[in-house]
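1. I need the structure of the sequence given here:
(one chain, ligands or ions: 2)
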Amino acid sequence: MSKCTFKGGVHPYEGKELSMDKPIVELMPEGDMVYPLSQHIGAPAVPVVAKGDHVLAGQLIAEAGGFVSANIHASVSGTVKAIEPRTLATGGKCNSIVIENDGKYEEVEYVAKKFEDLSRDEIRDRIKAAGIVGMGGAGFPTNVKLTPKNPDEIDYIIVNGCECEPYITSDYRRLLQESDNVVMGLKIALSLFDHAKGIIAIEDNKPEAIKLLREKTENEDNIEVKVMKTKYPQGGERSLIYAATGRSINSSMLPADAGCIVHNVDTIFSIYLAVIEGKPLTKRIVTVTGDGVKNPGNFYVFLGMNYRQLLEAAGGPDGEPEKFISGGPMMGFAMYSLDVPVVKGSSSLLVFKEDIVSKIESSACIRCGRCGAGCPSHLLPAKLAKLASKKDEEGFTKFDGMECVECGSCSYVCPAKRPLTQQIKAMRRTIMANRRKK
Ligand code: SF4
Ligand code: SF4
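-> Ligands and ions are numbered 1, 2, ... in the order given. Okay, here's the model as predicted:
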């Protein structure tokens, strides 16, 4: 079986065995539901409800605040209790709609359609109305992605089934348990373009998913399942596009500039739900796993639900965990409170008994070159980190520091445990902020 790959990358411990065989379990939420108005890239959504309003599950509660923005819907029925700043998983605060869940789960009436009966504009309208955004964490509004300025030049729509971050298995379970609807979501997206072919990209550590998706697409002439070599960050947009199509993009290009559009598995499933069943994005799959949780698993979760409930659903903590991470261990972020809501980009809650990272002490660089060899962007991370520590913006830019995708591979492989990614990331933030000021 030939495998697609890219140059660079690393092989962290996968940890997927903890939850990959655990079927998705639906969780019924308890207590207040919190819907931050910014759970996507772009302008915050604007509330269309007020304190005291009664809402139904699936009802629009905040509408897109601009072209690059997304609608937000209630995932339960209940009463709007407040619109106020609430803490997010990142630790920041965001104005949020708080709904007191009445426990009845009364829903709006959804209007199902056959996608063959819909025009391209109607399909895009249904995707936009449903508030779908990239659910791999990036949060880019899906209807915007599906409306590129060069529709005639889109050659590939790639479903990112790599799930290259260790531990996370939510996309894998979606591929296994909802394969027909994932394929349908891709067919809908393909119908928006004249020449596009579909690629479902899956890493070779998921042979069952590869086999199943191949069976489901054997009669689809314009969809191919491509096997990717298991390597981090294979699912990163640039690595994936290169591995799947041989095309390259850089920081000043969009995937569409290389004729590609990439969608996460849950995003493509949400396209199916929105276009065929008329349902907005109100739920997602979240993996709860790690050695600090008793029963790791994959859960179908109502957006707005509290992370603490996720931990309880997975049997609660095993001992006294020191580390909680939202997202993967490579690119996710440490959580300091579990009293925060699940949002559209929440793919996982990782719980670890020990906080190894915080205890690491770095030593001097031994110039081994491993950070450069592992960098998927072919950069010199040690050099960039040094320039960052000197606050040398010009040198950092000259050595292509802005091409860093913040994947964490350099820090991971560094035997001296240098905080390379953190330093490079901080410098990138400073340069971006300075550019905005100009
Ligand atoms: S320099 Fe950036 S892109 Fe390269 S390995 Fe480090 S974090 Fe990843
Ligand atoms: S991997 Fe670490 S020790 Fe090796 S060259 Fe890079 S920074 Fe230096």
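
2. helices or strands next to the helix or strand that Ala382 is a member of in the packing?
-> Element membership of Ala382, judged by DSSP states H and E, is helix 381-389. Applying 3 or more CB pairs under 8 Å, 6 or more residues apart in numbering; DSSP states H and E, one finds that helix 381-389 contacts helix 370-374, helix 393-398, helix 420-437. Using the backbone N, CA and C atoms, a C-beta is placed for each residue, glycine as well.

3. repeat that for 6 Å
-> When contacts are defined as 3 or more CB pairs under 6 Å, 6 or more residues apart in numbering; DSSP states H and E, helix 381-389 packs onto helix 393-398, helix 420-437.

4. For it, buried residues please.
-> For helix 381-389, a neighbour-count test (16 or more other CB atoms under 10 Å) marks Pro381, Ala382, Leu384, Ala385, Lys386, Leu387, Ala388 as buried.

5. try stretch 5-15
-> Counting neighbours by 16+ other CB under 10 Å, one finds that the buried residues in stretch 5-15 are Thr5, Phe6, Gly8, Gly9, Val10, Pro12, Glu14, Gly15.

6. Check stretch 111-123 too.
-> Residues Phe115, Leu118, Ile123 are the ones in stretch 111-123 that count as buried (16+ other CB under 10 Å).

7. I'd like to know which of those has the lowest per-residue confidence.
-> In terms of pLDDT, the lowest of those is Phe115, showing 86.

8. follow-up on the earlier one: what residues does the helix holding Ala382 touch?
-> Helix 381-389 is contacted from outside by Cys365, Cys371, Cys375, Gly395, Phe396, Phe399, Gly401, Cys410, Leu420, Gln423, Ile424, Met427, using CB atoms under 6 Å, 6 or more residues apart in numbering.

9. interface residues of the stretch 251-400 of the chain facing ligand 1?
-> Contact residues (CB under 6 Å from any ligand atom) of the stretch 251-400 of the chain with ligand 1: Gly374, Cys375, Pro376, Ser377, Leu379, Pro381.

10. and the residues you listed as CSV, adding pLDDT?
-> Shown next, in CSV, are these (pLDDT from 0 to 100):
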residue, pLDDT
Gly374, 97
Cys375, 98
Pro376, 97
Ser377, 96
Leu379, 97
Pro381, 98
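
11. Just put those residues in a markdown table and tack on distance to Asp194.
-> Shown next, in a markdown table, are those (distance: CB to CB, whole Å):
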| residue | distance to Asp194 |
| --- | --- |
| Gly374 | 39 |
| Cys375 | 37 |
| Pro376 | 32 |
| Ser377 | 32 |
| Leu379 | 37 |
| Pro381 | 41 |
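
12. Pick out whichever of those residues sits closest to ligand 2.
-> Nearest to ligand 2, judged by CB to the nearest ligand atom, of these is Pro381 at 6.1 Å.

13. What segments of the stretch 51-200 of the chain are strands?
-> With DSSP state E, counting those that start in this stretch as the criterion, the stretch 51-200 of the chain has strands at 54-55, 60-63, 72-73, 78-87, 93-101, 156-161, 197-203.

14. Next, the contact list for the residue of the stretch 51-200 of the chain at minimum distance from ligand 1, please.
-> Residue of the stretch 51-200 of the chain nearest ligand 1, by CB to the nearest ligand atom: Cys164 (12.7 Å). The contact partners of Cys164, taken as CB under 6 Å, 6+ apart, are Tyr232, Pro233, Gln234, Gly235.

15. on that earlier part again, weakest of the helices and strands packed on helix 381-389 by average pLDDT?
-> In terms of average pLDDT, helix 420-437 trails the rest of the helices and strands packed on helix 381-389, at a mean of 93.

16. Pull out the buried positions in that helix.
-> So, applying 16+ other CB under 10 Å, buried residues of helix 420-437: Leu420, Thr421, Gln423, Ile424, Lys425, Met427, Arg428, Ile431.

17. check the residues you listed against ligand 1, which are close?
-> With CB under 6 Å from any ligand atom as the criterion, the members of the buried residues of helix 420-437 in contact with ligand 1 are Leu420, Thr421, Ile424.

18. Which one of the residues you listed is nearest to ligand 2?
-> Using CB to the nearest ligand atom, Leu420 comes nearest to ligand 2 of those, at 5.9 Å.

19. close enough to count as contact, the closest one and Ser411?
-> Yes - the criterion here is CB atoms under 6 Å, and Leu420 meets it with Ser411 at 4.9 Å.

20. quick revisit: nearest to Ala243, of the ones next to ligand 1 among the buried residues of helix 420-437?
-> Nearest to Ala243 among those is Thr421, at 21.8 Å by CB to CB.

21. Can you tell me the closest non-neighbouring residue to the closest one?
-> Distance criterion CB to CB, 6 or more residues apart in numbering; nearest residue to Thr421, sequence neighbours excluded, is Ser411 at 4.3 Å.

22. Get me the contact residues on this protein for ligand 2.
-> 365-371, 382, 413-416, 418, 420.

23. Report the rounded mean pLDDT for stretch 195-212.
-> Mean pLDDT, stretch 195-212: 97.
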